[in-house]
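Q: Need a 3D model of the following:
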Amino acid sequence: MNFLTFRRYEFWMFLPFSLRKWVFHQQSSPKYCNICGSNPRLWLNRGRKHEIIEKLKITGAGFRAADCPICGSSDRDRLVFHYIQHQIQQWKSDWAMKDGAHGVIRILHIAPEKGLQHAIHKLLKTQFSGREIKYILADKFTKGYYYRKRGMAFLDLDKPFALVERESIGHSADNGNYASPEKKFHLILANHVLEHVEDLAFSINQLQSQLAVNAQILVTLPIAENLKSSIEIKNLYPNFNALPAHEQHQLSAKHLGQWDHKRLLGQDFQNYFPHWQTYSQTNPSLQLNPKEKVLIFSNKNIR
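A: Okay, the predicted model is just below:
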């Protein structure tokens with residue numbers, strides 16, 4: 001296979017950043033990656049072809065040229081960061097401390113994307129100079145995925161919210177109860193996470209309960225353009241969780257497009273996310289999918 005077709009976390013991403021930039025950066029290229037600030041000469045392929053993905057036109061899935069060869073960011077990462085870049089000035093106002101006090105800004109990034117994580121952290125440090133940024137990374141550590149070995153907390157959204165202590169970026173992740181206001185989060189990110197949880201409503205409520213004042217949750221997940229009503233695998237097969245793992249994987253892949261998904265949202269997706277806003281963009285230089293949506297929950301006007 002041509003190395004240019006390799007996707008994220010394969011061997012080309014383990015090459016030194018300077019070498020990747022030397023090979024792939026082209027100043028005159030109209031392409032632009034807002035994550036690493038480079039002009040890649042091409043986008044690398046990601047995803048895979050699957051009959052149900054193509055039939056239902058599932059946004060956020062499928063084989064496509066979308067990855068930055070220099071930092072590994074996907075089209076989805078660049079869309080989320082595009083929103084954050086345009087929202088940052090509002091957050092400076094929303095997250096301002098009374099009487100000039102400098103409180104801690106707390107971010108929770110679930111299943112973090114490396115390039116996006118570093119871009120957000122860098123932007124926040126620049127825009128909130130003088131304030132401590134506590135950027136906590138968390139995941140469930142499901143088998144079959146790549147994880148960084150250090151600097152992450154364990155979080156299972158199928159259970160009451162609790163982070164198991166591990167290292168954060170330069171700090172120690174908090175352990176235990178998040179009931180106190182000073183330990184709530186200003187921003188929670190969960191990209192392609194909620195299609196994996198058992199009970200979507202429960203997981204959403206868990207996340208919303210952890211928000212500080214004037215805070216936001218940013219979510220992306222697969223949405224099928226040609227699917228009127230969303231599919232829950234447990235509704236198709238009431239005994240799904242009692243089936244052997246290999247049968248579960250086969251059924252999920254057949255109906256949802258991926259072996260470990262629990263649902264596929266259709267055009268009724270907002271029924272699952274009442275009071276949430278959507279954000280999408282058309283930007284050819286960033287190679288954004290205009291049909292991809294960032295779902296946004298804000299508690300700014302909710303008291």
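
Q: and the lengthiest strand in the chain, what other elements does it pack with?
A: Using DSSP state E, we find that the single longest strand of the chain is strand 211-220. With contacts taken as 3 or more CB pairs under 8 Å, 6 or more residues apart in numbering; DSSP states H and E, strand 211-220 sits against helix 75-94, strand 185-191, strand 294-298. C-beta here means a position set from N, CA and C on the backbone, and glycine is covered the same way.

Q: after the second one comes which helix or strand?
A: Towards the C-terminus, the helix or strand next in line after strand 185-191, according to DSSP states H and E, is helix 200-208.

Q: and the angle for that next one with strand 185-191?
A: Comparing the axes of helix 200-208 and strand 185-191 via axes from the mean of the first three to the mean of the last three CA atoms, to 10 degrees yields an angle of 140 degrees.

Q: What mean pLDDT does helix 200-208 get?
A: For helix 200-208, mean pLDDT is 96.

Q: which parts of that helix are buried?
A: By neighbour count on 16 or more other CB atoms under 10 Å, the buried set for helix 200-208 is 200, 203, 204, 206, 207.

Q: about what we covered before: sheet-wise, list the partners of the longest strand of the chain with their directions.
A: strand 185-191 (parallel), strand 294-298 (antiparallel) (DSSP bridges).

Q: contact partners of the helix or strand following it?
A: Downstream of strand 211-220, the next assigned helix or strand under DSSP H and E is strand 223-224. Identification of contacts with strand 223-224 by CB atoms under 8 Å, 6 or more residues apart in numbering yields 56, 57, 58, 59, 60, 264, 265, 266, 267, 269, 293.

Q: if you set the cut-off to 7 Å instead, what comes out?
A: With CB atoms under 7 Å, 6 or more residues apart in numbering as the test, strand 223-224 has contacts from 56, 57, 58, 59, 60, 264, 265, 266, 269, 293.

Q: mind listing what whichever helix or strand comes after it pairs with, with the direction of each?
A: Sequence-wise, the next helix or strand downstream of strand 223-224 (DSSP H and E) is strand 231-232. The partner list of strand 231-232 in its sheet, established with DSSP bridges, is strand 263-264 (antiparallel).

Q: Direction included, what does the helix or strand following the partner strand pair up with?
A: Next helix or strand after strand 263-264 toward the C-terminus (DSSP H and E): strand 277-279. Sheet pairing of strand 277-279 (DSSP bridges) gives strand 294-298 (antiparallel).
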